[in-house]
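*Asks:* my questions concern the predicted model and sequence given below.
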Amino acid sequence: MTIRKLTITDVRNVLSATFEPSADVNVFFGENGSGKTSLLEAIHILGVARSFRTPKVKPVVRAGAERLTVFGFVDHADRKQPLPVGVSKGLLDENTLIRVAGETLYSSSELAYLLPLLVINPDTFKLLEGSPGSRRNFIDWGVFHVKHDVFLPAWKSMQKALKQRNALLRQGRVSESELSAWNHEFVAAAEQVDVLRKAHIEQLLPYFYTLLEKLSTLRDITVSYYRGWDKEMALSDVLAKGVSRDLHAGFTHSGPQRADLKVRSGKSSAIDRLSRGQLKMVVCALKLAQGALLAETTANKCVFLVDDLSSELDVSHRKALCHILQQMNIQVFITCVDQDSLTDCWLPEVQCKMFHVKQGQVEWIENPVRAMRQAESLEIEHD
Ligand SMILES: Nc1ncnc2c1ncn2[C@@H]1O[C@H](COP(=O)(O)OP(=O)(O)O)[C@@H](O)[C@H]1O
Ligand SMILES: [Mg+2]
């Protein structure tokens with residue numbers, strides 16, 4: 001997908017902004033606190049109906065306003081005409097209204113499927129250090145987009161059966177026949193989810209290794225998928241064996257809800273061995289691999305939202321990442337403080353639009369080089 005036009009109203013410090021992004025690269029530059037991250041959040045809301053910083057609505061709605069709205073025209077592989085998409089979130093009722101091509105969508109996952117977004121920001125870099133939940137979300141993002149029709153129903157029924165099983169376990173007095181009814185449903189859905197996740201990781205890893213080679217000199221990294229239970233045993237046997245432990249704890253210890261990605265450097269865990277900078281490169285390669293796989297296996301390309309790159313990566317890694325993004329031929333929104341920290345990262349054939357962000361306002365800088373010279377000469381006059 002490609003976002004052609006955006007109108008953002010009452011998102012954090014952005015009172016109202018309308019602009020037409022480039023189909024390639026869009027740079028938001030401006031001082032700290034000017035509203036760059038808020039703009040990326042607004043685009044994220046358009047694609048997923050929530051911010052990437054918080055699940056709450058209140059902090060994201062501009063102080064003093066009651067409702068935020070993000071509206072855009074989106075080019076989609078399946079549609080001939082640009083698709084009008086609007087997301088509005090109210091402060092008082094917290095109701096989210098999602099409209100696509102004049103129709104209301106009642107589920108944010110339908111919206112997410114339509115507009116795939118990938119975020120690279122300072123939080124993303126904690127993917128390997130953080131909880132397994134964030135790595136499961138990472139895996140599931142890919143499976144959801146690549147195998148949408150089969151994955152979502154399997155995942156939902158796995159979650160439902162798990163919830164029921166845990167509720168029974170919490171009651172304590174539970175008959176074996178009651179538990180085995182839910183075991184049966186849980187195992188069936190769990191196995192489906194596992195097969196899809198495993199196949200996705202197998203598909204993803206060649207992309208990951210190729211990209212990591214381009215981004216770093218690391219050569220001994222291995223990524224493996226842990227499904228959430230012993231790889232030699234059937235889940236039904238694992239559940240039967242662990243029933244007293246599950247009853248004692250009041251929840252299910254084994255299953256896809258425990259899945260994870262294990263990243264190793266040689267024989268050690270990557271977390272223990274790699275530097276912070278090297279871990280960031282591994283995370284970038286994982287994220288970019290999802291985008292590359294999606295672009296090659298489905299008609300719908302994703303949009304990358306990249307925040308605060310200059311504070312996270314040095315110049316050479318920044319350039320390597322930008323180089324890969326432009327080779328993927330996708331739409332990118334990227335922020336930086338200094339206008340020139342990202343200007344020489346793009347190939348001449350890439351259409352790069354620069355937007356100056358000032359106190360929540362967005363101004364397209366049509367000729368960034370001339371604007372920079374004017375700013376410099378003003379500074380000299382002042383001196
Ligand atoms: N709900 C809100 N209403 C109004 N202003 C807000 C709200 N939330 C945050 N802000 C302000 O918005 C400004 C922009 O924040 P942010 O987008 O993170 O800036 P940047 O990424 O450019 O450093 C900050 O000054 C912050 O105090
Ligand atoms: Mg920011």
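*Replies:* Thanks, I have the structure now. Ligands and ions are numbered 1, 2, ... in the order given.

*Asks:* quick one: low-confidence ranges for this protein?
*Replies:* With pLDDT under 70 as the threshold, the chain has low-confidence stretches at 369-383.

*Asks:* could you find the closest non-adjacent residue to the closest residue to ligand 1 within the stretch 101-250 of the chain?
*Replies:* Closest residue of the stretch 101-250 of the chain to ligand 1, Cβ to the nearest ligand atom: Asn121 (10.0 Å). (C-beta placed from N, C-alpha, C; glycine too.) Leaving out its chain neighbours, the residue that sits closest to Asn121 by Cβ to Cβ, 6 or more residues apart in numbering is Asp307, at 3.8 Å.

*Asks:* can you tell me which residues contact the residue of the stretch 101-250 of the chain closest to ligand 1?
*Replies:* Going by Cβ atoms under 8 Å, 6 or more residues apart in numbering, Asn121 touches 37, 40, 52, 305-308.

*Asks:* how is the protein partitioned into domains?
*Replies:* Per automatic domain parsing, the structural domains of the chain span 1-116+300-383, 124-299.

*Asks:* how about these in JSON lines, adding distance to ligand 1 and mean neighbour count?
*Replies:* Output for the domains of the chain, formatted as JSON lines (distance: least, Cβ to the nearest ligand atom, whole Å; neighbours: other Cβ atoms under 10 Å):
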{"stretch": "domain 1-116+300-383", "distance to ligand 1": "3", "mean neighbour count": "17"}
{"stretch": "domain 124-299", "distance to ligand 1": "15", "mean neighbour count": "17"}
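
*Asks:* isn't Cys284 right up against Leu215?
*Replies:* Yes: using Cβ atoms under 8 Å, Cys284 makes contact with Leu215 at a distance of 5.9 Å.

*Asks:* any residues in contact with both of the two?
*Replies:* Common neighbours of Cys284 and Leu215 (Cβ under 8 Å, 6+ apart) are Leu321.

*Asks:* pretty sure Gly291 is in a helix, no?
*Replies:* Yes: if the criterion is DSSP: H, G, I helix; E, B strand; the rest coil, then Gly291 is within a helix.

*Asks:* pretty sure it contacts Val119?
*Replies:* No: applying Cβ under 8 Å, one finds Gly291 not in contact with Val119, separated by 11.0 Å.

*Asks:* so who does the closest residue to Ile120 other than its chain neighbours touch?
*Replies:* With Cβ to Cβ, 6+ apart as the criterion, Ile120 has its nearest non-adjacent residue at 4.7 Å, and that residue is Val306. Residues near Val306 by Cβ under 8 Å, 6+ apart: 119-121, 321, 325, 332-335.

*Asks:* so who does Ala23 touch?
*Replies:* Ala23 neighbours (Cβ under 8 Å, 6+ apart): 2, 4, 75, 331, 351.

*Asks:* show me what the residue nearest to Ile120 bridges to in the sheet.
*Replies:* Counting by DSSP bridges, Val306 is bridged to Ile120, Ile334.
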